[in-house]
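>>> here are the coordinates; sequence isn't available:
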DNA sequence: TTTCATATGTATGCCATCATACAATGTATG
DNA sequence: CATACATTGTATGATGGCATACATATGAAA
């Protein structure tokens, strides 16, 4: 049963070395299981609780909301990922929103108090270094997305998004690579920083050219290399 | 003389606690002093040396270059800042360029081999945590800039850039807040992800409205709060 | 000082993307 | 099944910012 309880921690790729067992046990001690019903937000901009989260089940999107109410999705998260105030330096609260993504079932997370988290990192410095690498990798991805926003057209960003999605969330299927999360056109628009209508138009085009298909909210990538060539 | 040699490390804000002295001494052992003449690049995309750098003198910009040769500046660095492969996870080399910024004098840095750096972090885990916070803070800044790119107009981004510059690099002067680094219109354009001509046009407008002035490559901010209100 | 390269200033037409509008379809829920 | 709501599809005009073009200014080097 104990084993059952910590399975999710094993997906985290944060642990390793001779102390791995201990690392997992200690993290489990400070992590508090919690469920969010669908379409509930996990945290909002300005949240002062400064929690660190481990995603156990479901999908989460991290967004930024503009003053005019438009939304930009900064990251999509899968079970096993860590998020929240993992790198909180100053006292400023987050500027992002975390919410479940078109969830059909509830989202399950573990919450960790920030002070427990910092104590834990001091206890297991190897893990601090791994978290550093993780945050760094995400920073690089963001750089790449910034470059896209600055230089590339919506169709190009959208094509690129499908390639990234297929790499991170794709699974082979008889009808092409299936993206294993429900995504609306609005979701895609928020991911590429564009208008929903514009996205819909390009999706129609992609479908006409048989690069992708769409079924009950799930997308299938048919021609990955052709998508790669869209300017 | 020894004191002279490590002054630059004291600017780093990475050290602290009872072991601060030791931290600095050990870092100095693995850091190799190096000078770059003006307009030399420190590293290019694909650089496999995977070095970590400490900036001692001069300014550095980190850029991304698009396939069409357009450049987006990801970060501006001042003396005392750390950059390079501070968070290198995978074996992929950087996608960014680091080059000196309109340098009139040579840029001075310290280079650290990546393996020495990792060993150092293991030796002083407190520092790994500080680097984590630092990388995190930069990641948040990038999120904010992504939001800007996605939602805001060039004039708004430009006004916002001046506010950020005045906060990070500004110093009071009789003629307003002086940005203490030489910046061309092209530099600004690269920072906000826009066309040089477009930027020049808005700068003329800002100058006409007496929000900023420009003198020998240096900018002065006159009306910070009015800049804040530009949509 | 003269020369040359770099940086700045301004105008023009063009085009990608947005905002708006509305119809059509899909899907959850009583 | 019927209803309501969310999502998708498509067209339209408006426009911000880009590319292009070229003139002028600035300042470093000779």
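Now that the structure is in, tell me what you want to look at. Since we're looking at a predicted model, the values are computed, not measured.
>>> When you work out contacts or count neighbours from here on, use the C-alpha atoms and nothing else.
Fine.
>>> Could you pull out the helices in chain A for me?
A:2-6, A:20-30, A:114-123, A:125-151, A:154-169, A:185-192, A:196-208, A:224-228 (DSSP state H).
>>> Which one of these has the poorest average confidence?
Lowest mean pLDDT within those: helix A:2-6, a mean of 55.
>>> quick revisit: for residue B:190, which of the helices of chain A is the nearest?
Of all the helices of chain A, it is helix A:125-151 that lies closest to residue B:190, at 9.5 Å by C-alpha to C-alpha.
>>> I'd like to know how many residues surround the nearest residue to residue A:102 once chain neighbours are set aside.
Using C-alpha to C-alpha, 6 or more residues apart in numbering or on different chains and skipping the chain neighbours, the partner closest in space to residue A:102 is residue A:182 (6.5 Å). For residue A:182, the count of nearby residues is 16 (other C-alpha atoms under 10 Å in any protein chain shown).
>>> ditto for residue A:87
Based on other C-alpha under 10 Å, the number of other residues close to residue A:87 is 25.
>>> Test my guess that it contacts residue B:138.
No: the pair residue A:87 / residue B:138 is not scored as a contact, 10.0 Å apart, by C-alpha atoms under 8 Å.
>>> Name the residues of chain A found near chain B, please.
A:64, A:66, A:70, A:72, A:74, A:86-89, A:121-122, A:125-126, A:128-129, A:131-137, A:139, A:142-143, A:145-147, A:149-151, A:193-194 (C-alpha under 8 Å from any C-alpha of the partner chain).
>>> Buried among the residues you listed? Need that as a selection in ChimeraX.
Restricted to buried positions by 16 or more other C-alpha atoms under 10 Å in any protein chain shown, the ChimeraX selection for those reads:
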select /A:64,70,72,74,86,87,88,89,121,122,125,126,128,129,131,132,133,134,135,136,137,139,142,143,145,146,147,149,150,151,193,194
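>>> Give me the domain ranges for chain A.
A:2-150, A:152-230 (automatic domain parsing).
>>> Can you give me the first-to-last residue distance of the shortest one?
The first residue of domain A:152-230 is 10 Å away from its last residue (C-alpha to C-alpha, to the nearest Å).
>>> follow-up on the earlier one: make TSV from the domains of chain A and add distance to residue B:80 to it.
As requested, the domains of chain A are arranged in TSV below (distance: least, C-alpha to C-alpha, whole Å):
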stretch	distance to residue B:80
domain A:2-150	18
domain A:152-230	34
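>>> Looking at those, which is nearest to DNA strand C?
Closest to DNA strand C of those is domain A:152-230 (C-alpha to the nearest atom of the strand; 3.0 Å).
>>> Could you list the contact residues of chain A toward DNA strand C?
A:152-155, A:193-195, A:197-198, A:215-217 (C-alpha under 7 Å from any atom of the strand).
>>> Stretch A:196-203 close to DNA strand D?
Yes: on the criterion C-alpha under 7 Å from any atom of the strand, stretch A:196-203 is in touch with DNA strand D at A:197-198, A:200-201, A:203.
>>> Out of these, who's the most crowded?
residue A:203 (20 neighbours).
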